[in-house]
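1. pasting the sequence and the predicted model now:
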Amino acid sequence: MKATTSRACRGTTYILRCADNKLYVGSTTNIEERLKRHNAGYASEYTHLHRPVELVYKEEYDTYQEAFNRERQLKKWSLAKKEALIAGDIEKLKELSKSKE
């Protein structure tokens, strides 16, 4: 997961790994509460059906709008790019971006 910074966080983009090993991308203003809701089955239809979920990556932003914009960007990425991001493999991420995967 991306390191948390000391600045005030108003929005978080996150990636969950679901019980079916698929990834779910979302954004929120309260990551702890949102994760609880996902695991309780109240946050999304998809995660409700594929619990439990595990937080595998997050990025924090000054505003919720920034987090939401990043969520929209990540949802367009391939599984390979998301996995490289989660792993922190910047070289692989650059390689996949060049190949337009």
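-> Happy to help now that I have it.

2. every contact and neighbour count from this point should use C-alpha atoms.
-> OK.

3. contacts for the longest helix seen in the chain?
-> Across the chain, the helix with the greatest residue count (assigned by DSSP state H) is helix 64-75. Helix 64-75 is contacted from outside by 10-14, 25-29, 59-61, 82, using CA atoms under 8 Å, 6 or more residues apart in numbering.

4. so in the protein, where's the weakest helix or strand by average pLDDT?
-> When each helix and strand of the chain is scored by mean pLDDT, DSSP states H and E, helix 90-98 comes last, with a mean of 92.

5. list the buried ones in that one?
-> Across helix 90-98, burial judged by 16 or more other CA atoms under 10 Å covers 92-93, 96.

6. Pro52: which of those is nearest?
-> Comparing these against Pro52 with CA to CA places Leu93 closest, at 27.4 Å.

7. quick check, the closest one in contact with Ala87.
-> No. Taking contacts as CA atoms under 8 Å, Leu93 lies outside contact range of Ala87: 9.7 Å.

8. just the helices in the protein please.
-> Under DSSP H, the chain gives helices at 31-40, 45-49, 64-75, 79-87, 90-98.

9. closest one to Leu55 among these?
-> Closest among the helices of the chain, using CA to CA: helix 31-40, at 7.5 Å.

10. before we move on, the earlier item: got a markdown table for the helices of the chain, with distance to Asp20 too?
-> Below are the helices of the chain laid out as a markdown table (distance: least, CA to CA, whole Å):
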| stretch | distance to Asp20 |
| --- | --- |
| helix 31-40 | 14 |
| helix 45-49 | 9 |
| helix 64-75 | 18 |
| helix 79-87 | 14 |
| helix 90-98 | 24 |
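
11. least confident of the ones you listed, on average?
-> Set side by side, the helices of the chain differ in mean pLDDT, and helix 90-98 is lowest with a mean of 92.

12. what sits against the closest residue to Leu85 other than its chain neighbours?
-> Nearest in space to Leu85, with sequence neighbours left out and distances taken as CA to CA, 6 or more residues apart in numbering, is Leu93 at 6.7 Å. By CA under 8 Å, 6+ apart, the contact set of Leu93 is 81, 84-85.
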